[in-house]
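In: Could you work out the structure for the sequence below:
(chains A and B)
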Amino acid sequence: MSSPLIAAMTALFNRDMRLGIRNRGELASPLLFLVLIASLFPLSIGRDPALLQQIAPGVIWVSALLASTLSLGQVFSRDYDDGTLEQLLLSPQPLAALVLAKVAAHWVTTGLLITLASPLLALGYQLPADIIPVVMISLLMGTPVLSFIGAIGVALTVGLGRGGMFLTLMVLPLTVPVLIFASSMIAAAMGGQPIEGHLLMLAAILVLSLTLAPFVIATALKIGMS
Amino acid sequence: MNRLMRWIHIKGSPENYYRLAGRLIPWFAIPGLLLLVTGIVYGLVFAPPDYQQGDAYRIIFIHVPSAWMSLFIYLGMSVAAAIALIWRIKVAELTAMACAPIGAVFTALTLLTGSLWGKPMWGTYWEWDARMTSELILLFIYLAIMGLYQAIEDRRKAARAASLLVLVGLVNIPIIHYSVQWWSTLHQGVTVLDRKMDPSMLWPLLIVAVATKLIFATNLLQRTRLLLISTESRKRWVREMAKTETPS
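Out: Sure, this is the predicted structure:
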């Protein structure tokens, strides 16, 4: 790699990916969680196909939101415990760039997997086959935002040791716009309406969080570790 | 350090700020209370009933000023939070933190009066309408800021982390507002700025709006003073004061 910054980011990304992949249980739990939450709804409200189709966008997205939020603890907490985070803060590379690499690795091991698993949910909710790509695109665009917003929350509570419930309470309100645009995009596609508007809004939110969130996360980590 | 920053640091030292705020409080509290009583009595007793909504509309004299305050306080809190993060001024940190509970109360009051008003007007206490939903999310954000401030043990670290969350919320609130607005809407539009309102109804509303600002300022100054003496309780000026003065 040419520049040391890219080399550091790649190394960090690869390290986090390797840690993520080697820990199979941790890799699988958001997925299992997603499928489990999504299967609770038919069990609790009945299996009428029309009803299931109607609630599908919301259920898929709320499940993805919860699965992604609950897997956040692993982004920084282990690195905080074993001192890696201090090393990252001391490194000569800009912290925001390193944070970006870490969030990217978190997204690949959760958001991307959720996206890949979503056709199963869509089929379970009797969605027509031509809606499945829309579901996947909405998740592909939306889950990185969830990772970024979630990482802000984790960075703010780093070292508290009592993330869990409080973290969820802090992060979920901030994810409302993603939830709205993504699920109404799926609903629009099901109603035969154009999805471009929703898609562009999702893209705008993604770009906004991609550019701003790494700096916020880096600042939060510096406050937490000071 | 330039002269302005020097001046801010001297005038904004916890001890000076504590005394200055104590002297300022009556100047906000007394006019605030007088205006509040005037505005509420004017609005509830003397303003004419609405031709459509009858007397039920009178709740706007509480609902609308509270709704304005819920956003106004967030803006004020954001300014204090930005100052706290950029210049690390302790008084600004505590000011931002003192804003949060007041903002949360005004937000809760807005939701409460709104739902009481919704029952006779729309026939329902709660409707997933754009403004109500974004106000509810605003309440959650206020509570998250307060929660984060409580959760972290080191008081300065807690204030700075919570200040950062304030700014994250500041970026997010407009997005939440417009996303929710696009999603659904039932709430009546803004009538005050359209000059559709009769002066006999507009005046009490504006009086209460000014009164809530003054009462907010009173509350903010007093809360900041309390946070100051509790975080600085081991400093000499607080000890000296505890020995020589009766608390005001």
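
In: where are the low-confidence patches of the chain?
Out: The chain I'm using is chain A. Within chain A, the stretches with pLDDT under 70 are A:1-2, A:161-164.

In: other chain: chain B
Out: B:1, B:184-196, B:245-248.

In: can you list the residues of it near chain A?
Out: B:85, B:137, B:140-141, B:143-144, B:147-148, B:151-152, B:157, B:160-161, B:164-165, B:167-169, B:171-172, B:175-176, B:179-180, B:182-183 (C-beta under 8 Å from any C-beta of the partner chain). Any C-beta I mention is one placed from the backbone N, CA and C, and that applies to glycine too.

In: Okay, and which of those residues map to helices?
Out: Using DSSP state H, the subset of the residues of chain B next to chain A located in helices is B:85, B:137, B:140-141, B:143-144, B:147-148, B:151, B:157, B:160-161, B:164-165, B:167-169, B:171-172, B:175-176, B:179-180, B:182-183.

In: I'd like to check what contacts the one helix or strand B:Lys243 maps to. Which residues are they?
Out: If you go by DSSP states H and E, B:Lys243 is part of helix B:236-244. With C-beta atoms under 8 Å, 6 or more residues apart in numbering or on different chains as the test, helix B:236-244 has contacts from B:14-15, B:18, B:229, B:232.

In: From those residues, keep the buried residues only.
Out: Applying 16 or more other C-beta atoms under 10 Å in any protein chain shown to the contacts of helix B:236-244, the neighbour count classes B:14, B:18, B:229, B:232 as buried.

In: what's the closest of the residues you listed to A:Leu85?
Out: A:Leu85 has its nearest neighbour among those in B:Glu232, at 30.7 Å by C-beta to C-beta.

In: now A:Met141, nearest residue through space, not along the chain?
Out: A:Leu202 (4.4 Å; C-beta to C-beta, 6 or more residues apart in numbering or on different chains).

In: which helices and strands sit right next to the helix or strand encompassing that neighbour?
Out: Using DSSP H and E, A:Leu202 falls within helix A:196-225. On a contact count with 3 or more C-beta pairs under 8 Å, 6 or more residues apart in numbering or on different chains; DSSP states H and E, helix A:196-225 meets helix A:84-90, helix A:95-109, helix A:132-156, helix A:176-190, helix B:155-183.

In: Please spell out which residues along that helix are buried.
Out: A:198-199, A:201-202, A:205-206, A:208-209, A:213-214, A:216-221, A:223-225.

In: Return the distance of it from the chain's centre.
Out: In terms of C-alpha atoms, centre = their mean, to the nearest Å, the centre of helix A:196-225 is found 12 Å from the chain centre.

In: What angle do helix A:176-190 and it make with each other?
Out: 160 degrees (axes from the mean of the first three to the mean of the last three C-alpha atoms, to 10 degrees).

In: Could you dump the buried ones among the contacts of helix B:236-244 into a markdown table and include distance to A:Ser183 and secondary structure?
Out: Shown next, in a markdown table, are these (distance: C-beta to C-beta, whole Å; DSSP: H, G, I helix; E, B strand; the rest coil):
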| residue | distance to A:Ser183 | secondary structure |
| --- | --- | --- |
| B:Pro14 | 48 | helix |
| B:Tyr18 | 50 | helix |
| B:Ile229 | 49 | helix |
| B:Glu232 | 49 | coil |
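
In: Buried ones among the ones in helices among the residues of chain B next to chain A?
Out: B:85, B:137, B:140-141, B:143-144, B:147-148, B:151, B:160-161, B:164-165, B:167-169, B:172, B:175-176, B:179-180, B:182-183.

In: Out of the helices and strands packed on helix A:196-225, which gets nearest to B:Pro49?
Out: helix B:155-183 (30.3 Å).

In: how about the helix or strand hosting A:Leu36: buried residues?
Out: Using DSSP H and E, the element containing A:Leu36 is helix A:24-45. By 16+ other C-beta under 10 Å, the buried positions in helix A:24-45 come out as A:26-27, A:29-31, A:33-35, A:37-38, A:41-42.

In: cool, stretch B:98-112 as well?
Out: By neighbour count with 16+ other C-beta under 10 Å, stretch B:98-112 contains the buried residues B:98-111.

In: tell me the contacts of residue 30?
Out: You didn't say which chain, so I picked chain A. A:67-68, A:70-71, A:110, A:113-114.

In: think we crossed wires, I meant chain B
Out: Counting by C-beta under 8 Å, 6+ apart, B:Ile30 has no contacts.

In: Chain neighbours aside, what residue packs nearest to residue 12?
Out: Just going to use chain A. A:Ala101 (4.4 Å).

In: The chain in question should be chain B.
Out: That would be B:Val91: by C-beta to C-beta, 6+ apart, it lies 4.9 Å from B:Gly12.

In: Cool, thanks, signing off.
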